[in-house]
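In: Let me see the structure of the following:
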Amino acid sequence: MTVLRSSDHLFLSPPVFETALAIQFDELDTFRAIHFGLFYEKVVERFPVVEDLSRTELIVERFPLQFPLQFQQMRFGIKASNGPERVFFRDKEGGALLIQLQPDRFGLNWSRASVDDTYPNFIQNGPLFLAEFRKFEQFCRDQKLGVLRPNLCEVVYVNHIFPKPDESVVECMENVLADVKLTHCNDDLPSAELASFNRVYPIGNQKGRWYAEAGIGRHADHGEFVALKITARILHKDGEDVAANIQHAHDIVMNGFVAVTTKDARVTRWGHKT
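Out: Numbering: from 1, shown residues only. This next block holds a predicted model:
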């Protein structure tokens, strides 16, 4: 049995705003709308607030790379479906923690309720996610919905990076992202006022991919910021340990964050220690 561990990278004040841990599995063909309600009875004491949403699309990672790429929206994009949809079970009204469920996907999301909230760490959220997933597996057995067959494990971290007082948001992006040059000294050609980038990397032995996406957002109270999203998707095969693949995806996300950010930003802004 895999025991989840934290990354080798420690950040004293990480800019993490939102995380998602998810397992995608083969469609449960007998899953119906009533099963959302039956599952709610199992989690109501821990996740009493219910939200209905449209369904997320199936994620497929193929090798070699095929286009168009499946970049999701920065806040976990949604797509309409003709079948059973998706439900959030939230820990409280406006709470930071929620379970998301649809007939081919189970996930645990955490997000900051305010910019002052503290990220709870993978050591806390990882075991919680796996425990809730095991309960869902038992629910499927009890309801005779069939055996869950995971096919993909996904970890997503969204970081909100606010400029220093003497920086513009574009300068902030240039200063925190490695090998990114957005400003220059040519007065005849103004520097960028808006920028974004997308990068895709394979995970060894065609085990999956990880994605780095950055853009500029605006907070209602704190102004513009750089949104940096790192996603790791591990293809899961029958007989593999979902905990091990979630751990692998988490490690890729953390190493990916280090790979696409500058050392100066990691040390001076977020207190990076290894």
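In: Report how many residues lie close to the residue lying closest to residue 26 once chain neighbours are set aside.
Out: Spatial nearest neighbour of residue 26, excluding adjacent residues (C-beta to C-beta, 6 or more residues apart in numbering): residue 149 at 4.4 Å. For the C-beta atoms, the positions are set from N, CA and C on the backbone; glycine is no exception. By other C-beta atoms under 10 Å, the residues close to residue 149 number 12.
In: Tell me which residues touch residue 149, please.
Out: Residues in contact with residue 149 (C-beta atoms under 8 Å, 6 or more residues apart in numbering) are 25-26, 238.
In: out of these, which are buried?
Out: Among the contacts of residue 149, those classed as buried by 16 or more other C-beta atoms under 10 Å are residue 25.
In: Can you give me the distance of the residue nearest to residue 26 to residue 23?
Out: Counting by C-beta to C-beta, to the nearest Å, the gap from residue 149 to residue 23 is 10 Å.
In: Residue 190 too?
Out: 46 Å.
In: So which of these two has more stuff around it?
Out: residue 23 (24 against 9).
In: I'd say that one and residue 152 touch.
Out: Yes. Contact criterion C-beta atoms under 8 Å: residue 23 and residue 152 qualify, at 7.4 Å.
In: what is in contact with the two at once?
Out: residue 236.
In: in what helix or strand does the spatially most central residue of the chain lie?
Out: Nearest to the mean C-alpha position of the chain, by C-alpha atoms, centre = their mean, lies residue 156 at 1.9 Å. If you go by DSSP states H and E, residue 156 is part of strand 150-161.
In: Likewise for residue 167?
Out: Judged by DSSP H and E, residue 167 forms part of no helix or strand.
In: Then residue 39?
Out: helix 33-43.
In: picking up where we left off before, which residues does the residue nearest to the centre of the chain bridge with?
Out: residue 20, residue 231 (DSSP bridges).
In: returning to what we had before: now do the strand holding residue 156: which elements does it pack against?
Out: strand 16-25, strand 208-219, strand 223-235, helix 242-260 (3 or more C-beta pairs under 8 Å, 6 or more residues apart in numbering; DSSP states H and E).
In: what comes up buried for the last one?
Out: Buried positions in helix 242-260, judged by neighbour count with 16+ other C-beta under 10 Å: 242-243, 245-258, 260.
In: list the helices and strands it packs on?
Out: strand 16-25, helix 122-142, strand 150-161, strand 197-203, strand 208-219, strand 223-235.
In: Pairing partners for the lowest-mean-pLDDT helix or strand in the chain, with directions?
Out: The helix or strand of the chain with the lowest confidence, counting by mean pLDDT, DSSP states H and E, is strand 272-273 at a mean of 88. Sheet pairing of strand 272-273 (DSSP bridges) gives strand 10-11 (antiparallel).
In: Show me where the stretch 51-200 of the chain has its strands.
Out: 86-90, 97-102, 105-111, 150-161, 197-203 (DSSP state E, counting those that start in this stretch).
In: so how many other residues sit close to residue 157?
Out: 24.
In: Just the pLDDT for it.
Out: Predicted confidence (pLDDT) for residue 157: 97.
In: Could you list the low-confidence segments of the stretch 1-150 of the chain?
Out: 1, 68-84, 115 (pLDDT under 70).
In: repeat that for 80
Out: Along the stretch 1-150 of the chain, segments meeting pLDDT under 80 span 1-3, 7-8, 66-84, 113-118.
In: what's near enough to touch the closest residue in space to residue 271 that isn't next to it in sequence?
Out: Distances taken as C-beta to C-beta, 6+ apart place residue 12 nearest to residue 271, at 3.0 Å, with adjacent residues excluded. Applying C-beta under 8 Å, 6+ apart to residue 12 gives the contacts 270-271, 273.
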